[in-house]
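Undergrad: return a 3D structure for these sequence lines:
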Amino acid sequence: MAASNKWLMSSFAYYLDFFTVPLLFAVALWLGSVQLWQIAAGVLVWSFVEYAMHRFLFHSLYRREHWTHHIDVLALIGISSWKTTATFVGLLLVSQALGLASLLAGVMLGYLAYIGLHYVMHRPEHWFYRFIPGLIANHDLHHQRGVEQNFGVSSPLWDHVFGTYVRMRQNESAEKMELQRSPTGQ
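TA: Numbering: from 1, shown residues only. Prediction:
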């Protein structure tokens, strides 16, 4: 499958969410009373949205665009921060009016965890990389050609619920490590 440059973006557009989402999270908590159960529910809602988008949009409707990320994991590929920021601002207005600002804060917290974890998963030199080996193993397996499983990036919860979770067998893991250590890859 050919890659697509449609989702390739500038560094500014890629990293903007790392600043705007925490700011909007704080605004959401400031606008309404802090409800811990809503924040927890929002994180859960985000984890489902993440799973569903990755499985049903990125691996079907936007397959070519997403495949570019599978080919070059360090490329600045994704949905523009301008779009996510505008979406969260719109949702913030609605959620505040409905008394659900803490729920949206939880969704944004989940999204921030997703973008942060996904960033780290592809950068072994990052200081946090060593703390998430299970998530990294799941995501590395997802990136293998022909593996249409392990769609949850920040959590395997929904992969377990919907039967799309797969774990690398112990002997496969050892073989993969051996291949990575071999200078010729053979």
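
Undergrad: just the CA trace of stretch 81-96, in CSV.
TA: C-alpha atoms of stretch 81-96 as CSV (Å, rounded to 0.1, in the frame of the first residue of the first chain):
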residue,chain,number,x,y,z
SER,A,81,-3.8,20.1,16.4
TRP,A,82,-5.8,23.0,15.1
LYS,A,83,-8.7,20.5,14.5
THR,A,84,-8.4,18.8,17.9
THR,A,85,-8.2,22.1,19.7
ALA,A,86,-11.2,23.5,17.8
THR,A,87,-13.1,20.3,18.6
PHE,A,88,-12.3,20.4,22.3
VAL,A,89,-13.2,24.1,22.5
GLY,A,90,-16.6,23.4,21.0
LEU,A,91,-17.1,20.4,23.3
LEU,A,92,-16.1,22.5,26.2
LEU,A,93,-18.8,25.0,25.6
VAL,A,94,-21.4,22.3,25.3
SER,A,95,-20.2,20.3,28.3
GLN,A,96,-20.0,23.3,30.5
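
Undergrad: quick thing: my sequence starts at 56, can you match it?
TA: In the new numbering, first residue 56, that becomes stretch 136-151.

Undergrad: contacts for it?
TA: By C-beta atoms under 8 Å, 6 or more residues apart in numbering, the residues outside stretch 136-151 that reach it are 64, 68-72, 75-76, 79, 82-83, 86-87, 156, 158-159, 162-163, 166. (C-beta placed from N, C-alpha, C; glycine too.)

Undergrad: mind listing what's buried in it?
TA: Under the neighbour-count criterion of 16 or more other C-beta atoms under 10 Å, stretch 136-151 has 136, 139-140, 143, 146-147, 150 buried.

Undergrad: filter the contacts of stretch 136-151 down to the buried ones, PyMOL style.
TA: Burial among these is assessed by 16+ other C-beta under 10 Å; the matching PyMOL selection reads:
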select buried, resi 64+68+69+71+72+75+76+79+82+83+86+87+156+158+159+162+163+166
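
Undergrad: cross the contacts of stretch 136-151 against helices and list the overlap.
TA: Among these, the members found in helices (DSSP state H) are 68-70, 72, 75-76, 79, 82-83, 86, 156, 158-159, 162-163, 166.

Undergrad: about what we covered before: just flag the most distant two among the buried residues of stretch 136-151.
TA: Greatest spacing in the buried residues of stretch 136-151, by C-beta to C-beta: 136 and 150 (19.8 Å).

Undergrad: re the thing from before, show me which of the ones in helices among the contacts of stretch 136-151 is closest to residue 103.
TA: Nearest to residue 103 among the ones in helices among the contacts of stretch 136-151, with distances taken as C-beta to C-beta, is residue 162, at 10.2 Å.
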